[in-house]
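In: Here is a sequence together with a model predicted from it:
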Amino acid sequence: MPFSGKLCYNKEKGIYTCAACKQELFSSDEKFESGTGWPSFYEVISSGNVQLLKDDSHFMHRIEVVCSNCGSHLGHVFEDGSTSTGKRYCINSLSLDFKKKGEKE
């Protein structure tokens with residue numbers, strides 16, 4: 001449900017990881033408030049850490065974002081971001097965990 005995820009309003013510095021396998025996905029430095037109710041990022045930590053797949057479900061044309069390590073669905077990426085990359089990775093808060101900067105594994 002939008003605007004209700006545990007990490008939607010998180011402002012702490014750190015790394016967002018895959019909730020299923022703990023692979024690093026996004027840095028808090030690339031998170032921005034998109035107004036969509038989902039954690040949004042304009043860049044991934046490493047392009048090899050996610051896969052982008054064509055998603056034509058629900059009569060829409062979107063690009064699905066999945067974890068490249070375990071295949072978990074993370075969300076979608078859109079080309080309408082108001083940032084330097086023009087991208088908005090709209091990620092489901094339930095698919096993420098957060099590791100605070102300086103926190104041990």
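Out: That came in fine, so what should we check first? For clarity, every value in this text was computed on a predicted model and none was experimentally measured.

In: Find the centremost residue of the chain, please.
Out: What sits nearest the mean C-alpha location of the chain, by CA atoms, centre = their mean, is residue 91, with 3.8 Å.

In: next one: stretch 81-90 to chain centre, how far?
Out: Centroid separation for stretch 81-90 versus its chain: 11 Å, with CA atoms, centre = their mean, to the nearest Å.

In: Go through that stretch and flag the buried ones.
Out: 81, 87-90 (16 or more other CB atoms under 10 Å). The C-beta positions use only the backbone N, C-alpha and C, and glycine is treated the same way.

In: Let me see the contact set for the residue nearest to the centre of the chain.
Out: Applying CB atoms under 8 Å, 6 or more residues apart in numbering to residue 91 gives the contacts 16, 25-26, 38-41, 65, 74-75.

In: can you put these in a markdown table and add distance to residue 57 and neighbour count?
Out: Shown next, in a markdown table, are those (distance: CB to CB, whole Å; neighbours: other CB atoms under 10 Å):
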| residue | distance to residue 57 | neighbour count |
| --- | --- | --- |
| 16 | 24 | 26 |
| 25 | 22 | 26 |
| 26 | 24 | 25 |
| 38 | 17 | 20 |
| 39 | 21 | 28 |
| 40 | 21 | 25 |
| 41 | 22 | 27 |
| 65 | 14 | 25 |
| 74 | 15 | 26 |
| 75 | 13 | 23 |
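
In: ok, back up a step: which strand residues bridge the residue nearest to the centre of the chain?
Out: residue 75 (DSSP bridges).

In: so which of the buried residues of stretch 81-90 comes closest to residue 45?
Out: Taking CB to CB as the measure, residue 45 sits nearest to residue 89 out of the buried residues of stretch 81-90, at 11.1 Å.
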